[in-house]
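Q: next one to model:
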Amino acid sequence: MKNIGIIGLGYVGMPLAYLTAYNGYNVIGIDNRDETISKINNKIDIPKELQQINYSELNLYATKDYTKLKDIEVIIICVPTPTVKNKPDLTIMENVIRSIGNHIKKGCLIILESTVAPRYDQ
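A: Numbering: from 1, shown residues only. The predicted structure is shown next:
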């Protein structure tokens, strides 16, 4: 069974985490908000599209602890990329990449699922 990490459990990451776990994967969700972590771990505030699923069978766990990614084969980063003066602010994404750097195994696939402006002039 594949182990998948999802970083950023907001409006994209949370449903993705539930659907990924529903499809038989072991999912570790990483977020910096205690309330979000608690809701996922206690199966509260489940997206309405997924409310018919039997959540007791899902292998989904949320945490702030990046060390939990050490055995993960695939990491999906779902963090916001806001714009400032029409330029993407990559700070959040850069911070996540720095945070995972020492905690991933060789060969881990990293997918960036973030909205980034299509044109960026430095």
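Q: now stretch 102-110, how far from the centre of its chain.
A: Computed by Cα atoms, centre = their mean, to the nearest Å, the chain-centroid distance of stretch 102-110 equals 15 Å.
Q: mind saving the C-alpha coords of it as CSV?
A: Extracted C-alpha coordinates of stretch 102-110, given in CSV (Å, rounded to 0.1, in the frame of the first residue of the first chain):
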residue,chain,number,x,y,z
ASN,A,102,15.4,16.7,5.8
HIS,A,103,12.5,14.4,6.2
ILE,A,104,11.9,12.7,2.9
LYS,A,105,13.3,9.5,1.5
LYS,A,106,15.3,9.1,-1.7
GLY,A,107,13.0,8.6,-4.7
CYS,A,108,10.0,10.4,-3.1
LEU,A,109,7.7,12.0,-5.7
ILE,A,110,6.8,15.6,-4.9
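Q: count residues in the vicinity of G107, would you?
A: Neighbourhood size, G107 [other Cβ atoms under 10 Å]: 6. Where you see a C-beta, it was placed from the backbone N, CA and C, and this is true even at glycine.
Q: per-residue confidence for it?
A: G107 carries a pLDDT value of 91.
Q: ditto for A117
A: Looking at A117, its pLDDT stands at 57.
Q: quick check: buried residues in stretch 60-67?
A: Of the residues in stretch 60-67, 60, 62, 66 count as buried by neighbour count, 16 or more other Cβ atoms under 10 Å.
Q: filter the residues you listed down to the ones in strands?
A: Using DSSP state E, 60, 62 are the members of the buried residues of stretch 60-67 that sit in strands.
Q: let's have the buried residues of stretch 60-67 in CSV, adding distance to G107.
A: Supplementary listing: these in CSV, determined by distance: Cβ to Cβ, whole Å:
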residue, distance to G107
L60, 23
A62, 24
Y66, 18
